[in-house]
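Student: the sequence and its predicted three-dimensional model are supplied below.
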Protein chains: 2
Amino acid sequence: MGLIGIAVALGLLAIVYGLVTGRQVLRAPTGTDRMREIAAAIQEGAQAYLRRQYTTIAVVGAGMALLVLLLLGPISAGGFVIGAMLSGAAGFIGMIISVRANLRTAAAAGEGLQQGLTLAFRSGAITGMLVAGLALLSIAVFFGLLVGVFGLNPDDRQVVDALVALAFGASLISIFARLGGGIFTKAADVGADLVGKVEAGIPEDDPRNPAVIADNVGDNVGDCAGMAADLFETYVVTVGATMVLTALLVRDIGDLLLPLMSLPLLIGGVCIVTSIIGTYAVRLGGGTKVMLAMYKGFGLTALLSIPAIWFAINLALGDMNAVIGGDALLRGTQDVMPGQPIDTEGMAAQVRPFTGWALFACCMVGLAITAAIIWITEYYTGTNYRPVRSIAKASETGHGTNVIQGLAISLEATALPTLLIVAGIIGAYEIAGLIGIAYAATAMLALAGMVVALDAYGPVTDNAGGIAEMAGLDATVRARTDALDAVGNTTKAVTKGYAIGSAGLAALVLFAAYTTDLTEFFPGLDVDFSLENPYVIVGLLLGALLPYLFGAMGMTAVGRAAGDVVQDVRAQFHADPGIMAGTTKPDYARTVDLVTKAAIKEMILPSLLPVLAPPAVYFGITAVAGQQNGFAALGALLLGVIVSGLFVALSMTSGGGAWDNAKKFIEDGNHGGKGSEAHKAAVTGDTVGDPYKDTAGPAINPMIKITNIVALLLLAALAT
Amino acid sequence: MGLIGIAVALGLLAIVYGLVTGRQVLRAPTGTDRMREIAAAIQEGAQAYLRRQYTTIAVVGAGMALLVLLLLGPISAGGFVIGAMLSGAAGFIGMIISVRANLRTAAAAGEGLQQGLTLAFRSGAITGMLVAGLALLSIAVFFGLLVGVFGLNPDDRQVVDALVALAFGASLISIFARLGGGIFTKAADVGADLVGKVEAGIPEDDPRNPAVIADNVGDNVGDCAGMAADLFETYVVTVGATMVLTALLVRDIGDLLLPLMSLPLLIGGVCIVTSIIGTYAVRLGGGTKVMLAMYKGFGLTALLSIPAIWFAINLALGDMNAVIGGDALLRGTQDVMPGQPIDTEGMAAQVRPFTGWALFACCMVGLAITAAIIWITEYYTGTNYRPVRSIAKASETGHGTNVIQGLAISLEATALPTLLIVAGIIGAYEIAGLIGIAYAATAMLALAGMVVALDAYGPVTDNAGGIAEMAGLDATVRARTDALDAVGNTTKAVTKGYAIGSAGLAALVLFAAYTTDLTEFFPGLDVDFSLENPYVIVGLLLGALLPYLFGAMGMTAVGRAAGDVVQDVRAQFHADPGIMAGTTKPDYARTVDLVTKAAIKEMILPSLLPVLAPPAVYFGITAVAGQQNGFAALGALLLGVIVSGLFVALSMTSGGGAWDNAKKFIEDGNHGGKGSEAHKAAVTGDTVGDPYKDTAGPAINPMIKITNIVALLLLAALAT
């Protein structure tokens, strides 16, 4: 329990950081009465939405918990409930903080850019540390309970299943939160823009627009709560999958098993410390480059994480040079085809023996990927580089060329991250086999506290800008919040690229868990995962379809709900001309309520797609071509969904960010500035990018995980 | 030579049909002097473009021919040159016919809808039959020469390599033609719309617009010439791959080998007859439903093809019930891993013995897929169904919602075709193994004459509408050409879905050829194509990237070239105010020339992507992880490119067609009709859809083939 205890302590440290910093933020000035009034409306709407969302999810979650209980027993059901509850809690916390930080950031921006940045980033850091801390605690405490209190072996089947069920709970809640929140935020945003900016010709965040509060509520429930639940899920799945893979692949290493399975938790723990230190380095230092300030904080965290990870590995393994595994100690996935001569070369590569140094090197690969993803995302979504500027320039020739160029950038933006992930896979695999890939992913997620801090900062500044506008603050305040928000568009895209990139690595780990489980549960079955088996192609194609179908549903939902908003706002304008005259207040709550209902209704079906697809494919193909091919197609489905989902998600999130900042770039006075034809075209691009980057794109990450996890649970259920 | 002789004779029949019907079309009235003048300008521009395009391609082609000569010898180089020349010829013929049919269709539409339909469809049928006939002749004559005159065995390695080289020549030219033509047509179209409709407020095809001739030239060089070269390529690759797979997989069947290898040619031949008969059934029959008339023609062809294919198989095999293959007669792909016990169950499935009836059943699967693709495409792009209408409705709330809904439909439109292809793969494979999949694809392509006829009809009516507008013909004429053109948008989308769908099947056949070749060339090498090998994942990811990168390049090229057009037109308007006043004629040729240069410059780099990617991946991975993994990653690349390319291509082509017809639906008087805000939004969607459906989307089909074929040639080159 020593190592697990340290991990729990470091997880608690993150919670303490969150509470202490939270007090600081709450003590900050809240500005004028008008600001407080607006913020209260946003807060009320966000809480009402989340309450209703969680009530709906609770019904689905309870049904699923019952299913897990029946199929896999009480321990797994317990894991599922813990994962689900804490994923929900992470989302709720993200919202709670951001609805309190928004007006304080607006007030602080009145004093200066640095003050605004500090307050917004601090509040982001609270969310970041609480997400990472809760995620770490959920696994560490649960694992500690099972091993320490219940006395189970670390690699006991019940422990493995329970960890997978915990991840399932986290993922299931997070897909609802991501998608429901994403639909809410973008339906409100798109609806408000269409009817406000485009039809009525009033500026963004104008208080006369009845959808304006809904729009600001959306930032909090989608970009904050949804994102927090999503990253909680990513953390739990990645760290959990590394532990599960260790339990499944590395056998007979005696007393080393518990430290080795605890190591991912310890790495997560020490990186919470480095993340906390890094948050204090986010400072402008006299300049005005907000992104540079962010880089300073991230850079410090990444640099400090290098010795910290070395420390964690050294502490867990005792000797960085000792070889773990060896001919007798490793159980290879080659066992999948019994009766066939073991291909020792393949085995050596897949589950080759490794040292502490090898794991350390793989963690460095993960850190390097994270840093590179941040830079690539900044390149594709920052206002200083070719992609965003090319979209801004294309806006001069109209709406059509803006969208064409934006789509071209979306497609192109997949290239560098893919090459990066491929390089990461090859590098980690050559160093330490599959375990190496798992550790690269774990090291990526270990920085989640810092990365979520960067992201959660975005919606706070976005909201602060809205409040500044609605409360009629000085134009300089709005200029400062706009400067902060432009960087927010990039940092929001970073987290999505980071989450989906880590999913690319985690998917390999989950697939390895799938094939290993298959051998264990169905030892006599000779499943052919070769590309020469047409059922593998069938599985790849069906898996590749899922992100497309899911994306289509998400986009349609936003379009439909935004249409409802437009109708409602038009009706309000029509019924009471005093609204446009500014003499009466619109009925904000009515619009919030309408979007709430629409978002919750629309989120159900797409969220169930990844839950239902694995059993449908397995039973369908088994009926036609036998169980062997059913398992082959199901396995291929898991890789098909990542191979296609990676590209769909990357293109949507980068493209959306680029569109948004192309609009910002024009608003900064380029290509004719605000009000020009180019600006109108850029607004169209931004509107198109909205559901891309904030609804469909980010929700693909939990969708991929759920597909994989459901397949693992299906295997376990079929075996019992 | 008997069967090959019949195939050649039936191929010649298609040519005769083309010549005879061509005379009929040329005899039709050409309308007014003004129409002839406009048509002459279009004709001149199209010819000038193609001349220049082919000159450029010839340089690349000559270099590639030299490479093939050096690496694979003179016979393969001969095949490459034949494939390249005839692919080019197919494109040229498509253009020659359409630039002569356009004004005659406009003239015929003056008499009535049926007359316009007949003329436009006849000219499409000429292109269709010439494409199918030339494609059939190229393989049949070449194969006949090698086997009959040179006396090579049908399954001689030189024959196999030469057939692959023939396909390579066809594909290489076709990607240039598709992409160059696609960039031309959409740069001109988008540029003309932006500066004409949007900026100057003049209608589409207004003669005052300097880009109007370039726009009409584009229909001919892109939608006609590019499409014809593309379908020529698809035909040659699919039929050729079936023959190659037969040569590689089915061994020691003695005298039956030549008839079996000739059978795909014979199936192609008899379906030319059924296609010709079907063309005469395309009649309105008193009604006004143009799509229904098309269905009649296709339906008759498909129905007649059932007995025709039975006849072909019976003639080739002599006995529909005789079992071909058996334990001793088949060489399984299981040989890939020598020294390993042969998995007879897997072998039975992959290269199981088959009968004539089994091949017949697989051909029926192919026909059913073709029919279903037509219906699905009509559903997604026709004005009578939910998808197009939902985009039209979304246009009411502005540019942004139009594009969002269009993108949602794009994504959704991939689902049914994917499920269909998956069902086709499973069905054909369960009936006759891999050979069954090859025959399903062959039967699909056997209907190419009819399908190309439906497609080539589209740009002719589009041009006819343009000429009617520019020549100031009566509004009823334009209404008729518009009715014809709306169906053209659907039929154009059909061919693309059909081509990419067949590519989904053909890719499996080409992959099987790849693995079989690998065994033959490197018998000692134990390549692991299992999904458990991370280098397979690496290959899948890199393959999946190619369509995205290719699409990005294509979209960017259109945006850039369209921007040039806008600048040029603005400059012309500025320099001579008489143009807008209608007193002086704009300099059409200058714009044509500008787009020509831009298109040719832009097509080179993306076209080389699929040529260079396979060797880059093979040598790159081999350097890092050894030759085994190099071959594994290369093989996975081939499937990655289809798994991702299928979705990118389907979403782009269906989405683009839906956007186009949503605009048409509004222009028909819905949602406010022409000139309304909804119409403006729909024009934006149409503009966005243009490069989607006519540049990037369709060029993905030859791109997938080239990647596969280059890999096969690389194997052959590495082995020598």
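Tutor: Yep, it's here. Since this is a predicted model, take the numbers as computed values, not measurements.
Student: for the rest of this, base every contact and every neighbour count on C-alpha atoms.
Tutor: Noted.
Student: show me the residues around A:Ala599 that make contact.
Tutor: A:180-181, A:183-184, A:557, A:561 (CA atoms under 8 Å, 6 or more residues apart in numbering or on different chains).
Student: residues near A:Arg283, how many?
Tutor: Per other CA atoms under 10 Å in any protein chain shown, the neighbour tally for A:Arg283 reads 23.
Student: pLDDT score for the residue nearest to it when sequence neighbours are not counted?
Tutor: Nearest non-adjacent residue to A:Arg283, counting by CA to CA, 6 or more residues apart in numbering or on different chains: A:Ala293, 5.0 Å away. On pLDDT, A:Ala293 comes in at 91.
Student: what sits against the closest residue to chain B within chain A?
Tutor: As assessed by CA to the nearest CA, chain B sits closest to A:Ser530 within chain A, at 3.9 Å. The contact partners of A:Ser530, by CA under 8 Å, 6+ apart, come to A:536, B:528-531.
Student: pLDDT on stretch A:47-59, on average?
Tutor: 90.
Student: now swap in stretch A:417-431 and tell me
Tutor: Over the span of stretch A:417-431, the pLDDT mean works out to 96.
Student: in it, which residues are buried?
Tutor: A:417-418, A:420-422, A:424-431 (16 or more other CA atoms under 10 Å in any protein chain shown).
Student: now A:Leu473: which helix or strand?
Tutor: Secondary structure assignment for A:Leu473, by DSSP states H and E: no helix or strand.
Student: my error: substitute A:Ala84 in the last question.
Tutor: Assigned by DSSP H and E, A:Ala84 falls in helix A:74-111.
Student: likewise for A:Thr516?
Tutor: A:Thr516 is located in helix A:475-521, with elements delineated by DSSP H and E.
Student: what sits against A:Gly620?
Tutor: A:Gly630.
Student: ok, it to A:Val643 distance?
Tutor: 22 Å (CA to CA, to the nearest Å).
Student: rewinding a little: near the residue nearest to A:Arg283, how many other residues are there?
Tutor: 19.
Student: what's the spacing between the longest helix seen in chain A and its chain's center?
Tutor: In chain A, taking DSSP state H as the definition, the longest helix is helix A:588-667. Its chain's average C-alpha position is 13 Å from that of helix A:588-667, according to CA atoms, centre = their mean, to the nearest Å.
Student: check stretch A:571-580 too.
Tutor: That offset, for stretch A:571-580, works out to 39 Å (CA atoms, centre = their mean).
Student: just the endpoints, please. Distance across it?
Tutor: End-to-end for stretch A:571-580, by CA to CA: 12 Å.
Student: do that stretch and chain B meet?
Tutor: No: on the criterion CA under 8 Å from any CA of the partner chain, stretch A:571-580 is out of touch with chain B, staying 14.2 Å away.
Student: let me see the mean pLDDT of that stretch.
Tutor: 90.
Student: one more: stretch A:267-284?
Tutor: The model assigns stretch A:267-284 a mean pLDDT of 95.
Student: buried ones in it?
Tutor: A:267-284.
Student: then that stretch to PDB, C-alphas only?
Tutor: Presented in PDB, the C-alpha positions along stretch A:267-284 are these (Å, rounded to 0.1, in the frame of the first residue of the first chain):
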ATOM      1  CA  ILE A 267       3.500   8.900 -12.200                       C
ATOM      2  CA  GLY A 268       0.100  10.700 -12.100                       C
ATOM      3  CA  GLY A 269       0.800  11.700  -8.600                       C
ATOM      4  CA  VAL A 270       4.200  13.300  -9.000                       C
ATOM      5  CA  CYS A 271       3.000  15.200 -12.100                       C
ATOM      6  CA  ILE A 272       0.200  16.800 -10.000                       C
ATOM      7  CA  VAL A 273       3.000  18.400  -8.100                       C
ATOM      8  CA  THR A 274       4.800  19.600 -11.200                       C
ATOM      9  CA  SER A 275       1.500  20.800 -12.600                       C
ATOM     10  CA  ILE A 276       0.800  22.900  -9.500                       C
ATOM     11  CA  ILE A 277       4.200  24.400  -9.600                       C
ATOM     12  CA  GLY A 278       3.800  25.200 -13.300                       C
ATOM     13  CA  THR A 279       0.600  27.100 -12.700                       C
ATOM     14  CA  TYR A 280       2.600  29.800 -10.800                       C
ATOM     15  CA  ALA A 281       4.800  30.300 -13.900                       C
ATOM     16  CA  VAL A 282       1.900  31.500 -16.100                       C
ATOM     17  CA  ARG A 283       2.800  35.200 -16.200                       C
ATOM     18  CA  LEU A 284       3.000  37.800 -18.900                       C
END
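Student: using the three-state scheme, assign A:Gly673.
Tutor: What DSSP: H, G, I helix; E, B strand; the rest coil gives for A:Gly673 is coil.
Student: oh, that last question was meant for A:Thr30, not what I typed.
Tutor: Quick answer, by three-state DSSP: A:Thr30 is coil.
Student: ramachandran angles for it?
Tutor: phi -110, psi 10 (degrees, to the nearest 10).
Student: show me which residues of the stretch 351-500 of chain A are close to chain B?
Tutor: So the stretch 351-500 of chain A meets chain B at A:394, A:397-401, A:403-405, A:407-412, A:414-415, A:418-419, A:422, A:425-426, A:429 (CA under 8 Å from any CA).
Student: any regions of chain A where pLDDT drops low?
Tutor: A:1, A:326-351 (pLDDT under 70).
Student: try it again at 80.
Tutor: Applying pLDDT under 80 to chain A flags residues A:1, A:197-200, A:204, A:251-252, A:254, A:286-288, A:325-352, A:720.
Student: which stretches of it form strands?
Tutor: Here chain A has no strands by DSSP state E.
Student: list the beta-bridge partners for the residue of chain A closest to chain B.
Tutor: Counting by DSSP bridges, A:Ser530 is bridged to B:Ser530.
Student: so who does A:Ala108 touch?
Tutor: A:29, A:115-116, A:119 are the contacts of A:Ala108 under CA under 8 Å, 6+ apart.
Student: restricted to buried residues, select those residues in ChimeraX.
Tutor: In ChimeraX, this line selects whichever of the contacts of A:Ala108 come out buried by 16+ other CA under 10 Å:
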select /A:115,116,119
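Student: got the residues of the stretch 551-700 of chain A near chain B?
Tutor: So far as CA under 8 Å from any CA goes, the stretch 551-700 of chain A lies against chain B at A:551-556, A:559, A:563, A:566, A:625, A:636, A:640, A:643-644, A:647, A:684-685, A:687-688, A:691.
Student: now A:Gly18. Nearest residue, chain neighbours left out?
Tutor: A:Gly18 sits nearest to A:Ile126 (CA to CA, 6+ apart), 4.6 Å away.
Student: and for A:Phe360?
Tutor: The nearest residue in space to A:Phe360 (CA to CA, 6+ apart) is A:Trp310, at 6.3 Å.
Student: over to A:Val592?
Tutor: Nearest to A:Val592 is A:Ala214, by CA to CA, 6+ apart, at 4.9 Å.
Student: ends of stretch A:381-401, what's the gap?
Tutor: 18 Å.
Student: how about it: buried residues?
Tutor: By neighbour count with 16+ other CA under 10 Å, stretch A:381-401 contains the buried residues A:381-383, A:387-401.
Student: helices of the stretch 301-450 of chain A, start to end?
Tutor: Using DSSP state H, counting those that start in this stretch, the helices of the stretch 301-450 of chain A run over A:344-350, A:356-381, A:386-394, A:399-412, A:415-446, A:448-470.
Student: and of those helices, who's closest to A:Lys197?
Tutor: For the helices of the stretch 301-450 of chain A, proximity to A:Lys197 was assessed by CA to CA; helix A:448-470 is nearest, at 14.0 Å.
Student: show me how far stretch A:2-14 is from its chain's centre.
Tutor: Worked out by CA atoms, centre = their mean, stretch A:2-14 lies 23 Å from the chain centre.
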